[in-house]
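1. next comes the sequence, and after it the predicted model I'd like to discuss.
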Amino acid sequence: MRALRVLVVEDNLLNRKLVGAILKRRGHEVLEACDLGEARETLGQGGVELVLLDIQVPGGGGELLLHEIRADTRWAGLPVVAVTSQAMAGDRERFLSAGFDGYFSKPIDTRTFAAEVEGFARQGEEGSPRTEEP
């Protein structure tokens, strides 16, 4: 798999660094944002190929940013994956029906996380529907 440019939007520094380290180990470029303002700024600079988005992030929450991304033609087809501690029955389905391309519950499985992220990126490149986890 070719290297990806991934935006990690997460307010918890330790979670952000863990996700970044896992992806960097696989050769991916990781951009970080701790709130929606930083995320919007980074997205506006272009080149982001996938967004890993915490649901409870300062500045309005992950679902707000998802709706902004989906409404902006500059980011058409950009895979956005929810990363959240919300792991109750039905949460995964709720996030997918809200428009997320995928869902990870925290704590993430560090052994499989990078490959699963790469799977979401491949699905986006192929133009296939992104409603199932890889």
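-> Looks like it came in fine. Note that the structure is predicted; figures quoted are calculated from it, not measured.

2. only C-alpha atoms from now on, for both contacts and neighbour counts.
-> Will do.

3. strands along the chain, start to end?
-> Secondary structure of the chain, counting by DSSP state E: strands at 5-9, 29-33, 50-54, 80-84, 102-105.

4. quick check: residue 27 vs residue 4, distance?
-> 8 Å (CA to CA, to the nearest Å).

5. neighbour count: these two, which is higher?
-> Counted by other CA atoms under 10 Å, residue 27 and residue 4 do not tie: residue 4 has more neighbours, with 20 against 14.

6. if I pick the residue positioned nearest the centre of the chain, what's in contact with it?
-> Nearest residue to the geometric centre of the chain (CA atoms, centre = their mean): residue 52, 1.6 Å. Applying CA atoms under 8 Å, 6 or more residues apart in numbering, we find residue 52 in contact with 6-9, 80-83.

7. any idea which of the residues you listed is the one closest to residue 91?
-> residue 82 (10.5 Å; CA to CA).

8. pretty sure that closest one is touching residue 54, no?
-> Yes. Between residue 82 and residue 54 there is a contact at 5.9 Å, judged by CA atoms under 8 Å.

9. tell me how far stretch 114-124 is from the chain's mean position?
-> Averaged C-alpha coordinates place stretch 114-124 at 10 Å from its chain's average position (CA atoms, centre = their mean, to the nearest Å).

10. buried ones in that stretch, by neighbour count?
-> Buried residues in stretch 114-124, counted by 16 or more other CA atoms under 10 Å: 114, 116-124.
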